[in-house]
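sequence and predicted model, in that order:
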Amino acid sequence: MKVLLLGSGGREHAIAWKLAQSPKLEKLFIAPGNAGTADEGTNVDLNVNDHNAVKEFVLKENINMLIVGPEAPLVAGIHDFFLNDEDLKNVGVIGPQSQAAMLEGSKNFAKEFMQRHDIPTASYKTFNADSLADGLKYLESLKPPYVLKADGLAAGKGVLICQSLAEAKAELNSMIADSKFGDASSKVVIEEFLSGVELSVFVLTDGDSYKILPVAKDYKRIGEGDTGLNTGGMGSISHVPFADDEFMKKVEDHIIKPTIDGLKSENIPYKGFVFFGLINVNNDPFVIEYNVRMGDPEAESVIPRIKSDLLDLFSGVANNNLHEKEIETDERYTAAIMLVSGGYPGSYEKGKEISGLDKMEDCIIFHAGTKLDSNKVVTNGGRVLAVTSYGKTMDEALEKSYKNAAKIKFDGSYYRSDLGFDIK
Ligand code: AMP
Ligand code: GLY
């Protein structure tokens, strides 16, 4: 098969790394890719939001499958564009159409969907400019902390957790009246604060049957002990010890099945990954959010634990015969540690030369914000690369990743050294 993968992060490198091992793969292109994906296939300089440019490339190279890494092209309707085009409608697309992508693209849509299908989630109410006064009153009826969520996509920054009523009221005003997150905060979901440990559960579905992938935990805050600003993710670990058979049965019965069945019953087609962002509240799983793609940095620990041929599973998704496929997983732990640029998630410099990559032992490097600059690998983003290792225990996997991470040098580099602290 000839495959085009859209995206440029660690998630896309992990997917490309896995696809490159498939005997079914003839040719892999990654657009735009990074210095790491260039080792797994051919990077192409395409604007992934320009549907016509993607079409031209797909036709020129006789691509049979389009795999969409990030959410933005899905919310923008790239899958719909392929289905509505005579020349493209037979190309398999991994990633849902725009209607289902609303599960990620609109928090209010996701909450209403969960309510309709009795899927456990925090109680909530949604407000807009016309109901702002009601929203301010509603806040008065709640206890701190207050959770405010911009309805639309806000580059991962649209969720605010406020400790005081005054702060929550000021933020609600600024989101709705002053468009703090632009159009994305013209509606705001206010919801009950849930307390517990979060985890990420992924399924791959063709809209009918589904396969559950290895479970992971990601570390979102910049500082040790989960403190400081939110980031795109500072690393991930797969297995999550508390997600044992009993807990996962609750996840499947109360969350996964009702979601897939709910989509079917509402005639909402879905082909691709469903990412359930969950929280464990006293041993019961609740949905914090849906995403319509693989997680990043979860992909860097989850994909290496998939033993089956990922391209074969994707074919099952595209051809509606996922139920005929088996998914085999590696029982070992994986730990992915993210190295980031100094200053991230605030402003940071790019173009720093990365050394030490030739000294790696018994680990996998997944590039994120890197590029090749006259044959040297240099930094090109906030999250620079992930170091993933396997271990029979979580500690063994972490120890190997940390040993290798310490050998990678670039000006200003930083990583968290406490991953796993809350689930050991
Ligand atoms: P989201 O962008 O929806 O993933 O939210 C970002 C982060 O905010 C989540 O990963 C949680 O840590 C936190 N969060 C979101 N909703 C809630 C909630 N209802 N209760 C507690 N924490 C929450
Ligand atoms: N790791 C969280 C995300 O991919 O959104």
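Arrived safely, thanks for sending. Residues are numbered from 1 along each chain as shown. Ligands and ions are numbered 1, 2, ... in the order given.

give me the pLDDT for G156.
pLDDT recorded at G156 is 76.

and it, how far from ligand 2?
Separation of G156 from ligand 2 (Cβ to the nearest ligand atom, to the nearest Å): 6 Å. C-beta: built from backbone N, CA, C; applies to glycine.

same question for N62.
31 Å.

swap in R11?
Counting by Cβ to the nearest ligand atom - R11 and ligand 2 are separated by 7 Å.

isn't that residue right next to S301, touching?
No. If you go by Cβ atoms under 8 Å, R11 and S301 don't touch, sitting 11.0 Å apart.

tell me where the stretch 51-200 of the chain has strands.
65-68, 92-94, 124-128, 146-150, 159-162, 187-191, 197-205 (DSSP state E, counting those that start in this stretch).

kindly reformat these as a markdown table containing mean pLDDT.
Listed next are the strands of the stretch 51-200 of the chain as a markdown table, based on pLDDT from 0 to 100:
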| stretch | mean pLDDT |
| --- | --- |
| strand 65-68 | 98 |
| strand 92-94 | 98 |
| strand 124-128 | 96 |
| strand 146-150 | 97 |
| strand 159-162 | 94 |
| strand 187-191 | 97 |
| strand 197-205 | 97 |
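
what separates the spatially most central residue of the chain from G69, distance-wise?
By Cα atoms, centre = their mean, the mean C-alpha position of the chain lies nearest to G295, the distance being 2.1 Å. The spacing between G295 and G69, counted by Cβ to Cβ, to the nearest Å, is 11 Å.

kindly report the residues of the stretch 101-250 of the chain close to ligand 2.
218, 233 (Cβ under 6 Å from any ligand atom).

and the stretch 101-250 of the chain, which residues reach ligand 1?
Going by Cβ under 6 Å from any ligand atom, the residues of the stretch 101-250 of the chain near ligand 1 are 122, 147, 159, 191-194, 198, 220.

farthest pair within the residues you listed?
Taking Cβ to Cβ, the two most distant members of these are E192 and K220; they sit 19.9 Å apart.

isn't H323 right next to Y210, touching?
No. In this structure, H323 is not within contact of Y210 by Cβ under 8 Å, at 9.1 Å.

if you count surrounding residues, which of these two has more?
Taking neighbours as other Cβ atoms under 10 Å, H323 and Y210 compare with Y210 leading, 21 against 11.

against K257, how distant is the more buried one?
9 Å.

again with A14
Separation of A14 from K257 (Cβ to Cβ) stands at 27 Å.

who's more crowded, the two?
A14 (33 against 14).

check contacts around that one.
A14 makes contact with 299-300, 303-304, 366, according to Cβ atoms under 8 Å, 6 or more residues apart in numbering.

redo that, cut-off 6 Å
299-300, 303, 366 (Cβ atoms under 6 Å, 6 or more residues apart in numbering).

neighbour-wise, which of R11 and S301 wins?
S301 (33 against 26).

does that one count as helix, strand or coil?
helix (DSSP: H, G, I helix; E, B strand; the rest coil).

pretty sure it contacts H239?
No. In this structure, S301 is not within contact of H239 by Cβ atoms under 6 Å, at 9.3 Å.

rewinding a little: now do the phi/psi pair for the residue nearest to the centre of the chain.
Backbone torsions for G295, taken as degrees, to the nearest 10, come to phi -80, psi 160.

could I get the full set of helices for the stretch 1-150 of the chain?
Taking DSSP state H, counting those that start in this stretch as the test, the helices found in the stretch 1-150 of the chain are 10-19, 51-60, 72-75, 78-83, 98-105, 107-116, 132-140.

which one of those helices lies closest to A318?
Going by Cβ to Cβ, the one of these nearest A318 is helix 78-83, 11.1 Å.

residue boundaries of the helices in the stretch 251-400 of the chain?
Using DSSP H, counting those that start in this stretch, the helices of the stretch 251-400 of the chain run over residues 257-265, 299-302, 310-318, 394-405.
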